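Q: sequence-free structure coming up:
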């Protein structure tokens, strides 16, 4: 350690990092001191509310972040159109629910019953299948049309293609579906704003049904993905392709097909997150993928891009920091986006490889 | 078994192979020797289907495979152990071997092949749970060869198996190569270490800047004054 310090050279970059780090630490210390020993604006119930909100949004960030990380792992590019893949899933889920709500399924007891409330579980499953399916198809086409022709090009080129595709998809969605905000039609048992009351510190905190539903489902999907990557032949071949495409091809692995499947799996996760977003938050329009997309990218970088557990951890952590951060620092809640992007900048300055990431090897840079 | 005819391959503007022809009979060990940039690895990668020739053909058992996909070539029984080993460092030894058997479906067959590989390389069985990247250089080379054997090849392409290994390990690896050959696997060996390669090969081709400069029986080449001067350090 001491020897390491002695070998340290004071380059301008290092001095800058030290200064920025010092400023951030002093600021954080001062704000947290103020919050802890100041007036004490928030009771334990409010903190609980922030915690719950953070976990719910964190689960969605994590699902989207996994898509960034999977694609980065295999192609070493940031798929900036990934947020739009999610957006299309949100629309697909919306239209599925609308269709189920207008499908009559009358019973003797209730002649006005629709399919959505007659068979809510089946309707929800089909809604997720629609959202995940559309996003999976979108991911597949995205790679085939926008990235595959550029496989051998310098790394900046597919990145530009990704940003272009993202803008194209946003505008195409606006043209197709109109710019107005739409509202998700949930089945009655998942009505937004209903939930369990949990008593915390003498007050009741609501755990919404939609929030709990989203959180549990995102955890299940992450466990499923983890098993897929660790245990199945497809998952192992994805890891092999991520490590070395030439060696993988020499084993008889069809590299192009594995890359396609990587995009399909990323799409399934993003589409599911998109439907959850609609079910939990209700209102959305064609910009719905933009902010979650950038936040999830931040989460993937925070956890260590290319690292799957890192993306899960980064997503959860970002959701929590964003939710608890403004209160901890005594800031306005509108500033939660600023917190997320400040984290992105700080990670890039101090630990570009992320929390769980390893230093990038020569081959990947 | 394998016949390469007038193969021309280029990387963009660089003409790497300029009409190479050679052949390999069943059960033979054939060595391709030559300096850096002579086109040895390019030849192997073209046979494996990773590179496509501009002209010429690769014929394996009366069938032109120069436009066949790498996966199908593995299925036909030609498997390459790439230069620099290229094992999957973040996957376990066991998973590396499973990847070698990627083209096989029958679980019992895979299990039987794995038992055979562990018989050749008992060290790999001891370390099956370890990550590939934590193995020593010699063990990684064993893993790379074991991984290729998982597909039960009929023709094994070996690219610089001696690279970066201590002399004692090189000898071990070459003994194993001879043992694999004795089991009925034909071997095409690319080496800069001409001494070692010629000592186990039946025949050899000397490559110079993308062309075959010399060829013949390995022991005859060993005696050839040109080869001695250029590749055997004497």
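A: Yep, it's here. Here the structure is a predicted model, which means the values were calculated and not measured. Residues are numbered from 1 along each chain as shown, chains lettered A, B, ... in the order given.
Q: With adjacent residues omitted, what lies nearest to residue B:143?
A: On the basis of CB to CB, 6 or more residues apart in numbering or on different chains, the spatially nearest residue to residue B:143 that is not a chain neighbour turns out to be residue B:87, at 5.1 Å. C-beta here means a position set from N, CA and C on the backbone, and glycine is covered the same way.
Q: I'd say that neighbour and residue B:148 touch.
A: No. Here residue B:87 lies out of contact with residue B:148, judged by CB atoms under 8 Å, at a distance of 10.8 Å.
Q: so what sits against both of these two?
A: Taking CB atoms under 8 Å, 6 or more residues apart in numbering or on different chains as the contact criterion, residue B:87 and residue B:148 have no common neighbours.
Q: after the helix or strand hosting residue B:9 comes which helix or strand?
A: Using DSSP states H and E, residue B:9 maps to strand B:2-11. Toward the C-terminus, strand B:2-11 is succeeded by strand B:14-24 as the next helix or strand (DSSP H and E).
Q: how much does the next helix or strand after that following strand deviate in direction from strand B:14-24?
A: Counting by DSSP H and E, the next helix or strand C-terminal to strand B:14-24 is strand B:29-34. With axes from the mean of the first three to the mean of the last three CA atoms, to 10 degrees defining the directions, strand B:29-34 sits at 160 degrees from strand B:14-24.
Q: that older thread, buried ones in the strand holding residue B:9?
A: Taking 16 or more other CB atoms under 10 Å in any protein chain shown as the basis for neighbour counts, the residues of strand B:2-11 that come out buried are B:2, B:3, B:4, B:5, B:7, B:8, B:9.
Q: Kindly report the same for stretch A:101-108.
A: By neighbour count, and taking 16+ other CB under 10 Å as the criterion, the buried residues in stretch A:101-108 are residue A:101.
Q: ditto for stretch B:199-214
A: Of the residues in stretch B:199-214, B:200, B:201, B:202, B:203, B:204, B:205, B:206, B:207, B:210, B:212, B:214 count as buried by neighbour count, 16+ other CB under 10 Å.
Q: Same list (those) but as TSV, adding pLDDT.
A: What follows is these, written out as TSV (pLDDT from 0 to 100):
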residue	pLDDT
B:200	95
B:201	96
B:202	96
B:203	96
B:204	96
B:205	96
B:206	94
B:207	94
B:210	92
B:212	94
B:214	92
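Q: before we move on, back to that, would you list the buried residues of strand B:2-11 in a markdown table and tack on pLDDT?
A: Putting the buried residues of strand B:2-11 into a markdown table (pLDDT from 0 to 100) gives the following:
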| residue | pLDDT |
| --- | --- |
| B:2 | 96 |
| B:3 | 96 |
| B:4 | 96 |
| B:5 | 95 |
| B:7 | 95 |
| B:8 | 95 |
| B:9 | 95 |
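Q: ok, residue A:222 touching residue A:66?
A: Yes. Applying CB under 8 Å, one finds residue A:222 in contact with residue A:66, separated by 7.3 Å.
Q: Now for these two: what residues contact both?
A: In terms of CB under 8 Å, 6+ apart, residue A:222 and residue A:66 are both contacted by the residues residue A:312.
Q: returning to what we had before: from the buried residues of strand B:2-11, which two are the most distant?
A: Checking these against each other with CB to CB, the farthest-apart pair comes out as B:2 and B:8, at 17.7 Å.
Q: Next up, the contacts around the closest residue to residue A:82 other than its chain neighbours.
A: What sits nearest to residue A:82 in space, not counting adjacent residues and going by CB to CB, 6+ apart, is residue A:67, at 5.1 Å. The contact partners of residue A:67, by CB under 8 Å, 6+ apart, come to A:79, A:82, A:85, A:139, A:266, A:267, A:269, A:270, A:296.
Q: what does residue B:22 give?
A: Residue B:22 sits next to B:4, B:30, B:32, B:205, B:212, B:215 when contact means CB under 8 Å, 6+ apart.
Q: Show me what it bridges to in the sheet.
A: In this structure, residue B:22 has the following beta-bridge partners (DSSP bridges): residue B:4.
Q: And it, what's its pLDDT?
A: On pLDDT, residue B:22 comes in at 96.
Q: and residue 59, what element?
A: Using chain A. Per DSSP H and E, residue A:59 falls inside helix A:44-75.
Q: nope, chain B
A: Assigned by DSSP H and E, residue B:59 belongs to strand B:55-60.
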